[in-house]
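In: Next one to model:
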Amino acid sequence: MNMNMNMNGLFAHSLTDLIRGIRQNKKNEQGYIAKEIADIRLELRRNDPDLKAQAIAKLTYLQMMGYDMSWASFHVVEVMSSPKFLYKGIGYLGAVQSFNQETDVLMLTTNLIKKDLASSNACEIGIAINGLSHILTPDLARDLCADLVAMLNHSRPIVRKKVLLVLYKVFLKYPEGLRLSFSRMKDRLEDPDPSVVSAAVNVICELARRNPKNYLSLAPQLFKLLTTSSNNWMLIKIIKLFAALTPFEPRLTKKLLPPITTLIQTTPAMSLLYECIHTVIAGGMLATTGTGSNAESANTLAATCVTKLRTFLEDPDQNLKYIGLLALTKILPTHPHLVAEHKDIILKCIDDPDISIRMRTLDLIVGMANKKNLTEIVKRLISHLLPPNETDIVANTASSALMDPVYRADIIRRIVFICSQNSYANITNFEWYLAVLSDLTNVAGVNVGEILMQQFMDVGVRVKSVRSYTVKLMMRLLADTKLTEPANPEDSNSMVLLAASWLTGEYCALLESPESALELLSQNSVARLDPAIQATYLQSMLKIFAFWMNGLQYSWNEEARQSLVEMIELLRGGIKETYSRSPDLEVQERASNISVILDIIADHAPTTPIKIVNSISFAPTMPKPPSILGSLYPLFFNQELNPVAPKAQKKVPVPEGLDLDTWIHEPIPEKEPESSDDDDFLNERSNYGQDSGSKKTKKKGKKGQDQDDSKESAEARAKRKAERRERQKHDPYYIGGASPKSSKKDDLDDVDSIPIVQLSMDGFEKPIVMRKKEKSGKKKSKRRERSRSPPPLPIEFAAEEMPEDAILSASEDEGKNGIVKAQNGRGILDQDMSALHSVDLSVPVGEDEQLPRAKPYMKPEEVRQYEDDLAQRRRIDALEQKKSKTESKKSKSTKESTTESGEKKKKKSKKSIATEEPLIAIEAPIPAKSPSPERTKAAKPVVEAAPKKSKKSSKGTEKVKSSKKAPKAPVIVTFPERSDVELVLDDNIAVTYDIAMAQSSLDSPTAPGAEAGSDPIVAVTFKIHNRNLTQTVSSVRFALADSFDVRLGGSHAGEESVTLSETIEPQGKGFLSLDLLILGRVRYELRVMGSLFYSLEGHEQSQDFSFAIPPSTFMLAIPRLTGADFSKILTEQLDSFSATGSATVHLSSGTSGQDEPFWDAVERITKNVTHTHVVEVVDGAASFFGQSWQGYQVAGLIKVMKAAEEGEVSKTIEVEMKCTDQSFVDGLAREIQDMDNLSH
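Out: Residues are numbered from 1 along each chain as shown. Coordinates of the predicted model:
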């Protein structure tokens, strides 16, 4: 009574009560929800549909909180099938929330959804379509596609609209349905209801995103909608579709120009306006390649678009401002002058607080830069690099973003890019540009030293007219303590010192004071700089010193001598204190070399004061300067360093007779790895019969060596080989192999025959090389009136070096256009539409091509009938094969001792055996241990229950017919036992074994589900075969290793080994049976290990063995379940089936039909491997059930999965099982997987 009251109170809980209870139990929310889930499980076991719907509603709410409800998927399907609309909605909501592509019960929803789609209630149809769009699988899409396409003619527009939308999801899962139903979907573009037309346009636009060419045939209908519809949303979709279609049909551009121009001029909707402008740009309507009216109309349209986009930039909405800048960036390549007219509003956007708008503005400014506005743009960009307290341009709200190091570094890179693009085409004053670069080195918090270093060196080498100013500027940088002694080296631009030191060393003739440069290069602060900078300092130091010392010989006197001595001491001290202690090896080596050079100069320089000798004419005579003063100068300044032309490598002429596509030397074929001298036996076997092959190899390798043989005698080659081997023999660092076996191998080991391969540097990053500025005959533009930069000097570029006999190309402008369209990457929310690419809508649909119709599911009785028919057909085939073999043996027999009557009796007896015994043997082979009467009786109903396939009169069929009159008994499914499994095999003995449950365990009253304390017993029968031809095996003993899981049982309980006392004659066989008591938990790794000892003519030998006891050994032969019983077990004992397991089996292609390979796999999985039986079968799937001796129940589903690989469709079988014990089902899954691995 109390129990009933508690249950009634439990079922009274609603979703509202659950939510209220969760809020009231915040301190113990997990415990409360666990209790509610337990109550929900009890509710789902009841047959009350109201309680089940209420339970699913509560589970759906808990699933939103993160709790799993996949265990109730079957109950969700039950609620989905409810006739009440409210409950049906709850069921579909639960399915949408919890179902996925791997949910097993989805195969049961096909007929349910079909029924709901055929409902007269539009609301039920809407719920079914909405739920289907979320739980759609390839199988559901294939089965329901025809029904959905038929509903495109539904009388209700709301249904037609929803069907069109769900067809998009159907085509993603079932691409073949698109071509078969495209004509029906195309008709919906002329639907009288605007919402249906809008849905059709939406679906077509989404399908055309990846393959627009397929939908060119819709252009007339879409153009009609473009000119007649007033729905802005649909117009946006149509214009997007036309933007994708115009690249495939150029004639559309001229057709679309008038209506799109009208929309641009008249529409007030910003979204539609932007899509029209984007279509104009993407469709190439702004191209001015034509002449006359076409070019004029394109220019007019471009001016209209740019004017409309200005309103986007003036709008306070940040989104409109961003897309306006984006559209202007796309118009810029074709009409830069139109964009430049709105420079004022664009430059205002660079001060916007939004970082994304500023970055997009920078992209636009980079393309806008020209000779007229370059100075103004650079000045505006530099203002963003100043601290906030030094400028009033930047708002305080954006100061933090402006001080971002990444943003500041990006601005510097863009300044360098717009100034250096097209070989400095926009720069008219290089001194101004060098001053800008010098100012950029002082920007704090950014590390752009390498970029500035490259610019300094490039301008200094290429522009001769500013080299003097460059050297002065570099001296200023070398003296800057912010660079030489940075507070934070990581954020400093000290790498510009490398360019400064290199330029002062290369063009030291332009230095005003070489002594000051040498002092700066030898100061102690250099030790903190990068090793690359230090190495360049040393190189420049030696160059400047060589130039300065060379100048002393023209004014040699006592003052010059003292200056030389002091400078040598200065440089020696700087090198010793700064450079020689550097941890970098390159710096140390250069410092050591320069120190030696200075020592040599100091040794040859005069150390005593110079005395002036008076001549007779009383004029002083100066002594001759030392020759050492001019010795270094020619080493560095013999030739001028000129820049290399950008296309010098491409213009190198190819010598006559040189074919770069042919081998200079034929590649040597790969040879076998040499083996060591210790493997003589293996070497003999591997070299056996390879003489002919080695000759072929030699012929191939000789193709490139014939020319060498003609130039050089064989004696010289042999002498050189001997000398090389002798050197290698005594070289301790050479790891030599075995001595070659033959002279044929020596030919391949010849160093002279190794081909020389030229390494290509095409895959490496090319250095930045600027192109020479092209001369033009146009007049120079006027300078800006308010320019503060100094008046530009005449620009003189250094001559760029080209290779001799350079090939002149037809155009020097190739590769100037650096605009690269961004590739469309796949977004997170994008659908996988790769399968739709192979669908060709231009191919007409044939008369025999139709949408597939779902096959009706077979009833349980039909499934069993199908299985029995298939089994009976296989038995008959086996009987006929055995009968033919028997008759062939009789015809070959030469014995004629029997009479004709005796032969008839013998044939009759054999025939009766053949019709009865094989039927049992095929279903359950007779084991080595004789089966019990109970098991034999259990096998008979399988034979008797086999249905009659034909009406031919025969004795066998009469027996089947007569058996049908008997009362029906439960069909007991039996399984083949594992027999003749190889255990031990050597030259003398071969051992196989059979394994099965012991009859004592099967006969025990406690099985299945043995009571506590009892353990199963497994019977193992060993078959020992004496393979020796002359010797006898006197004794055989099996000793089992100690194990906590398996022990000897039965009559051998307590023993450690079992001995076969019988002797086995040569080529004879012996049998030994023993019982194994299973103590441990049944699992896949359960193994029996031990040693086999046998005596052969008094000599005892041993072999270790190991064999597994698979979990399927413990499966019982139980009555076949019906579909109703199977569902009842899963429903009532759902909590017990908590363990899961899965396996994948590859399905082989069949020859006689499509279903036969699947049925073969099902029979192997159920009868041969898992020892279960099939319960129900649907199209491409089957369910099975089994029970073990321990009471573990196993329920499973076998389904066919298709996958496309390289154009071919491969099939696999997915086996998913649920069980009451995890280790047991894991073992069964491993057995199925091992079966698949062995078959492949």
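
In: Check which helix or strand Phe545 maps to.
Out: Element membership for Phe545 (DSSP states H and E) is helix 531-552.

In: swap in Glu666?
Out: Using DSSP H and E, Glu666 maps to neither a helix nor a strand.

In: Check which helices and strands the helix or strand following the helix holding Phe545 sits against.
Out: Moving toward the C-terminus from helix 531-552, the next helix or strand (DSSP H and E) is helix 558-574. Other elements packing on helix 558-574 under the criterion 3 or more CB pairs under 8 Å, 6 or more residues apart in numbering; DSSP states H and E are helix 514-521, helix 531-552, helix 585-604. For glycine as for every other residue, the C-beta is placed from the backbone atoms N, C-alpha and C.

In: Now render these as a markdown table, adding mean neighbour count.
Out: Putting the helices and strands packed on helix 558-574 into a markdown table (neighbours: other CB atoms under 10 Å) gives the following:
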| stretch | mean neighbour count |
| --- | --- |
| helix 514-521 | 20 |
| helix 531-552 | 22 |
| helix 585-604 | 15 |
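
In: quick revisit: and the angle from the helix holding Phe545 to helix 558-574?
Out: 170 degrees (axes from the mean of the first three to the mean of the last three CA atoms, to 10 degrees).

In: Run the chain-centre distance for helix 531-552.
Out: Distance of helix 531-552 from its chain centroid, counting by CA atoms, centre = their mean, to the nearest Å, is 54 Å.

In: name the helices or strands packed onto it?
Out: helix 496-506, helix 514-521, helix 558-574, helix 585-604, helix 633-637.

In: Could you figure out how far the fourth one is turned away from helix 558-574?
Out: Orientation check (the same axes, to 10 degrees): helix 585-604 against helix 558-574 gives 150 degrees.

In: hmm, who's touching helix 585-604?
Out: Residues lying outside helix 585-604 but in contact with it, judged by CB atoms under 8 Å, 6 or more residues apart in numbering, are 531, 534-535, 538-539, 541-542, 549, 565, 568, 571-572, 575-576, 579-580, 582, 626-628, 632.

In: same question, the first one
Out: Residues outside helix 496-506 that contact it (CB under 8 Å, 6+ apart): 441, 449, 452-454, 456-457, 460, 470-471, 474-475, 477-478, 483-484, 511, 517, 521, 529-530, 532-533, 536-537, 539-544, 641.

In: now stretch 173-188
Out: In this structure, residues lying in contact with stretch 173-188 by CB under 8 Å, 6+ apart are 136-138, 140-142, 145, 149, 152, 160, 164, 167, 170-171, 196-197, 199-200, 203-204, 207, 218, 221, 835-836, 838-841, 843, 845, 849-851.

In: Please apply the same query to stretch 143-151.
Out: 110, 113-114, 117-118, 125, 132, 159-160, 163, 166-167, 170, 174, 177, 180-181, 184-185, 850-854.

In: Which helix or strand in the protein has the lowest average pLDDT?
Out: helix 933-944 (a mean of 33; mean pLDDT, DSSP states H and E).

In: closest to Asp352 out of the helices and strands packed on helix 558-574?
Out: For the helices and strands packed on helix 558-574, the distance to Asp352 is smallest for helix 531-552, at 39.1 Å, taking CB to CB.

In: tell me the mean pLDDT for that closest one?
Out: The average pLDDT within helix 531-552 is 92.

In: what angle separates that helix from helix 496-506?
Out: Using the same axes, to 10 degrees: helix 531-552 against helix 496-506 is 20 degrees.

In: Take helix 531-552, keep the C-alpha atoms, and write them as PDB.
Out: Written as PDB, here are the backbone C-alpha positions of helix 531-552 (Å, rounded to 0.1, in the frame of the first residue of the first chain):
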ATOM      1  CA  PRO A 531      76.700  39.400 -32.900                       C
ATOM      2  CA  ALA A 532      75.600  40.100 -36.500                       C
ATOM      3  CA  ILE A 533      76.000  43.800 -35.900                       C
ATOM      4  CA  GLN A 534      79.400  43.300 -34.200                       C
ATOM      5  CA  ALA A 535      80.600  41.300 -37.200                       C
ATOM      6  CA  THR A 536      79.600  44.100 -39.600                       C
ATOM      7  CA  TYR A 537      81.300  46.600 -37.300                       C
ATOM      8  CA  LEU A 538      84.600  44.800 -37.600                       C
ATOM      9  CA  GLN A 539      84.300  44.500 -41.400                       C
ATOM     10  CA  SER A 540      83.500  48.300 -41.700                       C
ATOM     11  CA  MET A 541      86.200  49.100 -39.200                       C
ATOM     12  CA  LEU A 542      88.800  47.400 -41.400                       C
ATOM     13  CA  LYS A 543      87.500  49.100 -44.600                       C
ATOM     14  CA  ILE A 544      87.500  52.600 -43.000                       C
ATOM     15  CA  PHE A 545      90.900  52.100 -41.500                       C
ATOM     16  CA  ALA A 546      92.200  50.900 -45.000                       C
ATOM     17  CA  PHE A 547      90.800  54.000 -46.600                       C
ATOM     18  CA  TRP A 548      92.100  56.400 -43.900                       C
ATOM     19  CA  MET A 549      95.600  54.700 -43.900                       C
ATOM     20  CA  ASN A 550      95.800  55.000 -47.700                       C
ATOM     21  CA  GLY A 551      95.200  58.700 -47.400                       C
ATOM     22  CA  LEU A 552      98.100  59.200 -45.000                       C
END
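
In: buried ones in stretch 190-209?
Out: Neighbour counts using 16 or more other CB atoms under 10 Å place 191, 196-208 of stretch 190-209 among the buried residues.

In: Buried among the contacts of stretch 143-151? Make that a PyMOL selection.
Out: Once 16+ other CB under 10 Å is used to decide burial, the buried members of those can be selected in PyMOL as follows:
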select buried, resi 110+113+117+125+132+159+160+163+166+167+170+174+177+180+181+185+851+854
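
In: Which ones among the contacts of stretch 143-151 map onto helices?
Out: Among the contacts of stretch 143-151, the subset assigned to helices under DSSP state H consists of 110, 113-114, 117, 125, 132, 159-160, 163, 166-167, 170, 177, 180-181, 184-185.

In: Verify the stated contact: Arg45 with Glu1132.
Out: Yes - the criterion here is CB atoms under 8 Å, and Arg45 meets it with Glu1132 at 6.5 Å.

In: Those two: which is more packed in?
Out: Regarding Arg45 and Glu1132, a neighbour count based on other CB atoms under 10 Å identifies Arg45 as having more, with 15 against 10.

In: so what pLDDT did the more buried one get?
Out: As predicted, Arg45 sits at a pLDDT of 87.

In: dump the residue contacts of it.
Out: Contacts of Arg45 (CB under 8 Å, 6+ apart): 1131-1132, 1134.

In: Among those, which one sits closest to Glu796?
Out: So of those, ranked by how close each gets to Glu796 (CB to CB), first place is Leu1134, at 90.9 Å.

In: number of nearby residues for the closest residue to the closest one other than its chain neighbours?
Out: Distances taken as CB to CB, 6 or more residues apart in numbering put Trp71 closest to Leu1134, at 6.7 Å, once the chain neighbours are dropped. As a burial measure, the neighbour count of Trp71 was computed by other CB under 10 Å and equals 17.

In: where does Trp71 fall, helix, sheet strand or coil?
Out: The three-state assignment at Trp71 reads helix, by DSSP: H, G, I helix; E, B strand; the rest coil.

In: who wins for proximity to Leu62 among the helices and strands packed on helix 558-574?
Out: In terms of CB to CB, the element of these nearest to Leu62 is helix 531-552, at 64.3 Å.

In: if we can go back for a sec, just put the helices and strands packed on helix 558-574 in JSON lines and tack on distance to Ile345.
Out: Compiled in JSON lines, the helices and strands packed on helix 558-574 are given as follows (distance: least, CB to CB, whole Å):
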{"stretch": "helix 514-521", "distance to Ile345": "48"}
{"stretch": "helix 531-552", "distance to Ile345": "45"}
{"stretch": "helix 585-604", "distance to Ile345": "53"}
